[in-house]
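**Student:** for reference, the sequence and a predicted model appear below.
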Amino acid sequence: MKVLLIEDDLKISKAIRLGLEQEKYIVETAYDGQLGYELATNYSFDVIIIDLMLPKIDGLRLCSAIREKNIQTPILILTAKSDLDDKLKGFNCGADDYLVKPFDFEELLARLKSLTRRRDKPIKKIIKIGDLQINTETYEVSRNNKRIKLTKKEYLILELLARYKGQIISKDKIIDNIWHFSDDIMPNTVEVYIKYLRRKIDQPFDKSKKLIKTVRGYGYKIDDKT
């Protein structure tokens, strides 16, 4: 799950980012509306969090500008303002939800999960592919009722493939969804992580179907078909 956080308060931004990363989110940050607009309109995100009071472009104008580009990514507005008029302005500019500061992190997390459930392709709590089971809330993975321990990156790649079961996911899409823009990604990084996943998901289960498949020249997919 990739989140764009546009918040000019460095302390708040750091706290939200650390909290979300502990919950297996990939978080990109911007500290002003102009950079936030450039990131939102040039890259793909699952959710965008926008503070209302931003330098260069304020939150309401930024929200409207994103929607004018026909970008339908769920938007959550953060603000210290709690007046009804301010909330209505937020919704009228295209925001999907509104959270007033100060707030508990657990409430923010719940709001984000609620927003992702409303998307065109909502994330199921439990994803099953053959005898493989992925719990997207607890991040537990098992196959044939045996628990499989994955690193954060391995889990995120597996969940991404599972969310689009049977569909080919390109290397570029995997990189865009799993790594930060500033990360130094080697050409074979995705191949290496796919190899790690196969060692844990497929190789130990000789009697089960191989789930992770390479589609040469296009990318990877996961399914339980022969």
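**Tutor:** Received the coordinates, thanks. Numbers count the residues shown, from 1 in each chain.

**Student:** next SSE after the helix or strand of the chain with the lowest mean pLDDT?
**Tutor:** Of all the helices and strands that make up the chain, the one with the lowest confidence by mean pLDDT, DSSP states H and E is helix 84-92; it has a mean of 65. Helices and strands here follow DSSP states H and E; after helix 84-92, the next one along the chain is strand 97-100.

**Student:** quick one: buried residues of whichever helix or strand comes after that next one?
**Tutor:** Downstream of strand 97-100, the next assigned helix or strand under DSSP H and E is helix 105-117. Residues of helix 105-117 classed as buried under the neighbour-count rule (16 or more other C-beta atoms under 10 Å) are Leu108, Arg111, Leu112, Lys113, Leu115, Thr116. The way it works is simple: take the backbone N, C-alpha and C, and place the C-beta from them, glycine included.

**Student:** cool, and stretch 15-31?
**Tutor:** For stretch 15-31, burial by neighbour count (16+ other C-beta under 10 Å) applies to Ile16, Arg17, Leu20, Tyr25, Ile26, Val27, Glu28, Thr29, Ala30, Tyr31.

**Student:** let me know the closest of those residues to Ser182.
**Tutor:** Using C-beta to C-beta, Glu28 comes nearest to Ser182 of the buried residues of stretch 15-31, at 8.8 Å.

**Student:** the closest one: what secondary structure?
**Tutor:** Using DSSP: H, G, I helix; E, B strand; the rest coil as the criterion, the local structure at Glu28 reads strand.

**Student:** enumerate every residue touching the closest residue to it other than its chain neighbours.
**Tutor:** Nearest residue to Glu28, sequence neighbours excluded (C-beta to C-beta, 6 or more residues apart in numbering): Leu4, at 5.2 Å. Neighbouring residues of Leu4 by C-beta atoms under 8 Å, 6 or more residues apart in numbering: Val27, Glu28, Thr29, Ala30, Gly36, Leu39, Ala40, Tyr43, Phe45, Val47, Ile48, Ile49.
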